[in-house]
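> could you work out the structure for the sequence below:
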Amino acid sequence: MGKSRYFLLAVMVCALVAVSGAAFAAYPDKPITVTQGFKAGGGSDTLAQLTQPYLEKVVGQSFVNQYIPGATGAIAWTQLAKTAKKDGYTISITNTPMLQTNYIMNPEITYTIDELEPLANVITDPGIIVVGKDSPYNTVDDFFRAVKENPGKITVGNSGVGGDDFFTTLIFEKASGMKVQMVPFEGDGPSWQAAMGGKIDASFNNVGIVYPQVKAGNLKALAIMTEERYASLPDVPTLKEKGFNVVSGSSRGYCAPKGVPEEVKKVMIEAFKKMATMPEFIKACEDRASIIDMKYGDDYSKMLHDQEAAFKLIWEEVREQYQGK
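The predicted model follows:
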């Protein structure tokens, strides 16, 4: 091959690299669709409100939320894993433990976390028991007393079968020996709204979701499911204080379908890292009592796989209890 051919080949290679780089450098050049597996007003929606104004500033594009409620998020996540284009323009808010427990509990659900590309976890949100402002229960002891006097009749809402509130209820029953009537909803939002409206006796929910309603006086917080009391709710006891070893919550982040270009992952992960340093984002989380728990890329993937293993064990422990209801 003569020098002129080497030169021509080099020019062609450089041109291809430049074209490829230019294509990825343009990402994102249009709005990004964010699917949510639950109705508005719950944890996914709260995370979207907290993150997307700041992510939009970083990436220079808008985020368009698409609500696909049903099957505790499984419809939205199946679409993400199986049919979404792998171009970075469709991502999803991913909530644990339902992201993993959907297919752990139900063999008819066929997606797994191995078909997703974890981008970033953002929030880890502790569990909480809330009742409406007009509820006769003013303390968690009042609630416990009613449950003991009416086994299996006190209605307790959760975000859906397989969610953290669902598992928390089963773990609470196992730890306390008490029995409640579980009422699943399509997300945390409908659950706390039902409690606030007096349609159910209580809602097992998450601090970051119900905090504005608690502060506004529309909901009463009875107990929190953490190791220690939470600074923003100093008068609310933990279940551990009441003698029940129940520590629970939900983590929420963003995933893309497996196979998105590396440049897309890089752009999105860097965007989350920049967002996490923005004082206005940190303040917004503090104002909503949302606990920041950033994990990126491979670290987020490890977190999801570790949780998957843990919830397989928990499900084996409570499977008979739930199926016997």
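> now the helices for the stretch 1-150 of the chain?
In the stretch 1-150 of the chain, helices defined by DSSP state H, counting those that start in this stretch lie at 3-25, 43-59, 74-82, 98-105, 140-149, listed in chain order.
> least reliable of the ones you listed going by mean pLDDT?
Among the helices of the stretch 1-150 of the chain, helix 3-25 has the lowest mean pLDDT, at a mean of 47.
> wait, isn't residue 305 in contact with residue 116?
No - counting by C-beta atoms under 8 Å, residue 305 stays clear of residue 116, with 11.1 Å between them. Placement of C-beta: from N, CA and C, glycine included.
> who has more neighbours, these two?
A direct count of neighbours by other C-beta atoms under 10 Å for residue 305 and residue 116 places residue 116 higher, at 24 against 14.
> need the contact list for that one.
Each residue near residue 116 by C-beta atoms under 8 Å, 6 or more residues apart in numbering is listed here: 77, 80, 81, 94, 255, 256, 257, 258.
> in ChimeraX, select just the buried ones from the residues you listed.
The following ChimeraX line selects those of those that are buried, judged by 16 or more other C-beta atoms under 10 Å:
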select :77,80,81,94,255,256,257
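> need the contacts of residue 116 in CSV (columns: distance to residue 134).
Rendered in CSV, the data for the contacts of residue 116 read as follows (distance: C-beta to C-beta, whole Å):
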residue, distance to residue 134
77, 37
80, 40
81, 43
94, 36
255, 40
256, 44
257, 45
258, 48
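> so which of the contacts of residue 116 is the closest to residue 144?
Within those, proximity to residue 144 (C-beta to C-beta) peaks at residue 94, which comes in at 33.8 Å.
> for the chain, give me the ranges with low pLDDT.
1-25, 324-325 (pLDDT under 70).
> just to check, residue 207 is in contact with residue 223?
No - Residue 207 is beyond contact range of residue 223, at 11.2 Å (criterion: C-beta under 8 Å).
> shared neighbours of the two, anything?
Shared contacts of residue 207 and residue 223, defined by C-beta under 8 Å, 6+ apart, comprise residue 128.
> next, the angle helix 98-105 makes with the longest helix that the chain contains.
Counting residues, the longest helix found in the chain (DSSP state H) is helix 297-323. Inter-element angle recorded for helix 297-323 and helix 98-105: 50 degrees (by axes from the mean of the first three to the mean of the last three C-alpha atoms, to 10 degrees).
> buried sites along helix 297-323?
Neighbour-count burial for helix 297-323, counted by 16+ other C-beta under 10 Å, picks out 297, 300, 301, 303, 304, 307, 308, 311, 314, 315, 318, 322.
> biggest separation within the residues you listed, which pair?
For the buried residues of helix 297-323, the farthest-apart pair by C-beta to C-beta is 297 and 322; their separation is 34.2 Å.
> for the most centrally placed residue in the chain, which non-adjacent residue is spatially closest?
With distances taken as C-alpha atoms, centre = their mean, residue 95 lies nearest the centre of the chain, 2.5 Å away. Excluding its sequence neighbours, the residue lying closest to residue 95 (C-beta to C-beta, 6 or more residues apart in numbering) is residue 252, at 5.1 Å.
> residue 47 is in contact with that neighbour, correct?
Yes - in this structure residue 252 lies within contact range of residue 47 using C-beta under 8 Å: 4.7 Å.
> quick one: residue 300 and residue 252, what's the gap?
11 Å (C-beta to C-beta, to the nearest Å).
> end to end, how far does stretch 66-73 reach?
Start-to-end span of stretch 66-73 (C-alpha to C-alpha, to the nearest Å) is 12 Å.
> measure residue 280 to residue 228 for me?
From residue 280 to residue 228 the distance is 28 Å (C-beta to C-beta).
> which residues in the stretch 101-250 of the chain form strands?
With DSSP state E, counting those that start in this stretch, the ranges of strands along the stretch 101-250 of the chain come out as 116-132, 155-158, 181-184, 202-206, 219-225, 249-257.
> can I get the ones you listed in CSV including distance to residue 175?
Compiled in CSV, the strands of the stretch 101-250 of the chain are given as follows (distance: least, C-beta to C-beta, whole Å):
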stretch, distance to residue 175
strand 116-132, 13
strand 155-158, 15
strand 181-184, 16
strand 202-206, 13
strand 219-225, 11
strand 249-257, 16
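> so which of the ones you listed is the most surrounded?
Ranked by average neighbour count under the criterion mean count of other C-beta atoms under 10 Å, these are headed by strand 202-206 at a mean of 31.
> and that one with helix 140-149, angle?
130 degrees.
> what is strand 202-206 packed up against?
Where contact means 3 or more C-beta pairs under 8 Å, 6 or more residues apart in numbering; DSSP states H and E, strand 202-206 is packed against strand 116-132, strand 155-158, helix 164-176, helix 188-196.
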